[in-house]
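Undergrad: Sequence and predicted structure, then a few things I'm wondering about:
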Amino acid sequence: MVGDPTRGGYIFAITTGCGCHFNRDLGAPAGGNKFEGPFGVVYAPNITSDPETGIGAWSETDIVNALRLGVRPDGSQLHPIMPYMALSNLSDQDAYDLAAALKQLPPVVNAVPASELTAPPAPFTPARTPPAVAPTEGVERGAYIVAVANCGRCHTPRGANGAPDMARFLAGAPLQDTIAPNLTPHASSNISFLTEEQIANFLLTGIYDDGTPVEGPMKMIIDNGTSRLTEADALAIAQYLKSLPPVASE
């Protein structure tokens, strides 16, 4: 399969441009950002097309395997701080399109330190086989984008073991010094009072229905991601969110 870098650029945008890899000093997704936790220390790798310090020597298939399975070309496993569990939902064509777009990123030389993990990451097997071609409209399209964009990472609460509580999918969760709001249509959620068109407009503009601008972590998501959605895709996300089972906010 051959990827289309133009279509892949759109996928890159709606996944917020792989923001964890963005190096502010270098102005590119050249990696180096440090993430610490019980797992040890992880450095986001350089994903520009530099052949020595980035992924320029990787084939499109190598990149697809990293995106969807978390596997490097040498067969070693990436740490799951990389959202390959979400990106495993990419359709075959979208995965190759995104790989083609990454191959065209301008090369930036940046040697990133090796990660220091407390334990080797476990191999990952996707829960389901992704579609060959992504859904194109309606609720199914919205569900696809929400899965690939990993909205649940912030908006789904976690259990005592740190795993997402899927019984409360997108029902809101603590995030930094704020709360990622409930995205289900329960009466306790602000989204229940919004129309699909109002939700879509918020995703595209970052402006609430009362005219105030979004602040906090969601501002970055909108500025770097959802503002680049097509109107049809923004509406598809809204349709999907309104179709979710209502779950009360905690």
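TA: Arrived safely, thanks for sending.
Undergrad: Which pLDDT value goes with the residue of the chain most remote from its centre?
TA: Within the chain, the residue lying farthest from the chain centre (Cα atoms, centre = their mean) is Asp210, at 28.0 Å. With respect to pLDDT, Asp210 has a value of 89.
Undergrad: name the element it belongs to?
TA: Here Asp210 sits in a region with no helix or strand, counting by DSSP states H and E.
Undergrad: the domain parsing of the chain - what is it?
TA: For the chain, automatic domain parsing gives the domain ranges 5-108, 138-243.
Undergrad: Can you list the buried residues in stretch 156-167?
TA: Thr156, Pro157, Pro164 (16 or more other Cβ atoms under 10 Å). For the C-beta atoms, the positions are set from N, CA and C on the backbone; glycine is no exception.
Undergrad: Likewise for stretch 175-185?
TA: Those would be Ala180, Pro181, Asn182, Leu183, Thr184, Pro185, for stretch 175-185 by 16+ other Cβ under 10 Å.
Undergrad: contact partners of that stretch?
TA: The contact list for stretch 175-185 (Cβ atoms under 8 Å, 6 or more residues apart in numbering) reads 151, 154-155, 169-174, 188-192, 216-218, 241-242, 244-249.
Undergrad: Do a quick rundown of the helices in the protein.
TA: Along the chain, the segments classed as helices by DSSP state H run 5-14, 60-69, 84-87, 92-103, 138-148, 152-155, 196-205, 217-224, 231-243.
Undergrad: Now render these as CSV, adding distance to Gly54, mean neighbour count and mean pLDDT.
TA: Formatted as CSV, the helices of the chain follow (distance: least, Cβ to Cβ, whole Å; neighbours: other Cβ atoms under 10 Å; pLDDT from 0 to 100):
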stretch, distance to Gly54, mean neighbour count, mean pLDDT
helix 5-14, 15, 18, 94
helix 60-69, 11, 20, 96
helix 84-87, 18, 21, 92
helix 92-103, 9, 23, 96
helix 138-148, 23, 20, 96
helix 152-155, 25, 20, 92
helix 196-205, 31, 18, 97
helix 217-224, 20, 16, 90
helix 231-243, 29, 21, 98
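Undergrad: I'm done for today, thanks for sticking with me.
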